[in-house]
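Undergrad: Model the following, please.
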Amino acid sequence: MLLNTAYRGRSNVAQTPVGLAVSLAPNLRRDRVSFVGVLRQPLRFREAMSALHDVVISDLRFKPKDKTGYEEWKKQEAAKEARIRTEAVKLTRAELEKERGRPMPQGLERRFQKCRQRYWEARTRYGNLLSREDPELWRMLMPCDPVITVSPDVMFFECFSADESSYGCLTVEREAFEAETDVALGTTNVDYSWRLYEHFQTIRSYRETRFTIDPMGFEVQTTSDEAGYREEKIDLPQSWLRGFSALQSAMSLPMRRVPVSREGIYALVAFLKRHKAKASPRAVRFELTPGAPVKIVLEPWNKEIVLHDTPYPGPRKEVIRTWGRDRLRVLGRLLPLLDGVDVYLLGTGLPSFWVAKMGEMKLTLGLSGWTTNDWTSGGSAIDQLAPPVAPSTEVMNAMAAAFKQSPTWTLDALASKTRASAPVVSAGLNKLALLGQVIHDLPHGVYRWRQVMPVTLSAEVIGPENEETVAARDLSRWKCRVTSDTVDAKGQRRVVGTVDGRAASEVTLDADDRIVAGKCACSYFYTGGLRKGPCRHLQALRNKALDIGTDGGTLDSWFKRFTS
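TA: Below is the predicted model:
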């Protein structure tokens, strides 16, 4: 998708006589959005925005390197460095003997600041050059600009990680600001750069911090020749759009809430920082018993973290395993500010959402579960979340009219307004979230109207669901039979069965229930193997073995899967 953005100037943090002024430049190609207010707790905002920045630049994908030339160069450099170091030590010792007893040179601090300014100017010029000459590389270093939404009661920033596996949303209640002026509700992109991140680190609690979404960009007629006007055309990858929408869609569903104390998060993050798993499984296992303390187990060490002060409020006993835990390290910076964390779970192998509560600010971290997620080829557990039946046009029109009347609704209130059942309304919200029209505000328990792009997205823009994944849902319910289910010496699960009357197929799952190998007689597997994702027969076997999507094809059974 080709996304056009235009900014008047750049976002910055400027020093004023009364404190700091945070000014964000909005996208001129979107409807007017503005906001001016003074932050009551600037340190919370600084740390929360820094954590969101860590989500944006997160990229844990494996990057293999050929180190042959590097090793040879390193040997040559080591020998060269040894010679230079020996001569430099002799020369420096002689110069120091001459300077012994002399005072500190005057103007040293001034020269240091001058050199520092020259460095930052060169770094900025390099960034501008890279954005002009190699936009693809520049966008890899800084992905799509964050989306900011100004609502009647909250303001929230959204972003998606560089490796397309993590979603971040910082929600700031309007009560966090004072002296609000020039408020225009809506959604827009804001210019965000590495230099702005560096400026955020200068925010302090002892001076006033004024936050501005600059409305001047919409009040001045801009042209391509005007100073400060910047226009970009960004070709968003299909997988980026699909991944962002898929996580939004998963976020719209009813989930189990698991409270975790600050001490529990500290124990989890500290253990992960000191230990690195070298073998599967690498899951975070939640052992949940109603009324009993929540127990978090880190695999493969089976490290137990028991939260004695946070009993599980859910209705039944269950064990849920989630993945993507390495990204939880971004919560480490927020530990001094945390009141606690609510973890929202869909089920084993499905996305999880960690809501860090910091008073009037909440940071939602969404984890897809896999470091590398090819959103266009299907085959992952998240593809099993789609409703089996699409809601009717009448229900969708009624929901659109309700959101036009009010941008914020709870599930029950929207069901009452549209006179539809909760499963039908939930399926409609899931579809709107997939199209980038609605966001589920987990901390406040409401659904908000928010258009993530300046144009209305469609299934053709986002990309249709993978055909093999769609077909696998029906096959796993009615036409799949498992004949053998064993575990080998390596701990891998080998499932053999017949699908749709064909010859026996075989799928191998690792300890994290991912498809790592398979055999099938179909043409899809014969021509591509697993390179373009597993075929429908292998996916159906996996679904049958894990009991995914085998409960029938009604909206009631689909909704019950997430609420019971």
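Undergrad: switch to C-alpha atoms for all contacts and neighbour counts from now on
TA: Will do.
Undergrad: hang on, isn't residue 525 packed against residue 535?
TA: Yes: counting by CA atoms under 8 Å, residue 535 is a contact partner of residue 525 at 6.0 Å.
Undergrad: For those two, work out which one has more neighbours and name it.
TA: Neighbour totals were compared for residue 525 and residue 535, and residue 535 leads with 27 against 20 (other CA atoms under 10 Å).
Undergrad: so what's that one scoring on pLDDT?
TA: Confidence at residue 535, expressed as pLDDT, is 87.
Undergrad: for the one 5 residues further on, same thing?
TA: The predicted local confidence for residue 540 comes out at a pLDDT of 86.
Undergrad: wait, what's in contact with it?
TA: When the contact criterion is CA atoms under 8 Å, 6 or more residues apart in numbering, the partners of residue 540 are 472-473, 475-476, 480, 499.
Undergrad: Next, give me the two most distant ones among these.
TA: Greatest spatial distance among those (CA to CA): 473 and 499, at 11.8 Å.
Undergrad: what's the helix or strand hosting residue 123 packed up against?
TA: Taking DSSP states H and E as the definition, residue 123 sits inside helix 108-133. Helix 108-133 is packed against helix 135-141, with contacts defined by 3 or more CA pairs under 8 Å, 6 or more residues apart in numbering; DSSP states H and E.
Undergrad: Name the residues of whichever helix or strand residue 247 is part of that are buried.
TA: If you go by DSSP H and E, residue 247 is part of helix 238-251. Residues 239-251 are the ones in helix 238-251 that count as buried (16 or more other CA atoms under 10 Å).
Undergrad: which of those lies closest to residue 185?
TA: Of those, the one sitting nearest to residue 185 (CA to CA) turns out to be residue 248, at 21.3 Å.
Undergrad: and the residue nearest to that closest one when sequence neighbours are not counted, how many residues sit next to it?
TA: Excluding the flanking residues, the one nearest residue 248 by CA to CA, 6 or more residues apart in numbering is residue 433, at 5.6 Å. Residue 433 has 29 neighbouring residues, counting by other CA under 10 Å.
Undergrad: Next, residue 433: secondary structure please.
TA: helix (DSSP: H, G, I helix; E, B strand; the rest coil).
Undergrad: now the strands for the stretch 301-450 of the chain?
TA: In the stretch 301-450 of the chain, the strands defined using DSSP state E, counting those that start in this stretch lie at 303-311, 318-322, 340-345, 352-358, 361-367, 408-409, 438-441, 446-449.
Undergrad: and the fourth one, how far from the chain's centre?
TA: Strand 352-358 sits 12 Å away from the centroid of its parent chain (CA atoms, centre = their mean, to the nearest Å).
Undergrad: That strand packs against which elements?
TA: strand 340-345, strand 361-367.
Undergrad: Which of these has the highest mean neighbour count?
TA: strand 361-367 (a mean of 25; mean count of other CA atoms under 10 Å).
Undergrad: For it, what is the distance to the chain centroid?
TA: Counting by CA atoms, centre = their mean, strand 361-367 is centred 9 Å from the centre of its parent chain.
Undergrad: Make residue 1 into 484 and carry on from there
TA: All set: I'll call the first residue 484, so the last point we hit is now strand 844-850.
Undergrad: Direction included, what does that strand pair against?
TA: When pairs are called by DSSP bridges, strand 844-850 turns out to pair with strand 649-656 (antiparallel), strand 835-841 (antiparallel).
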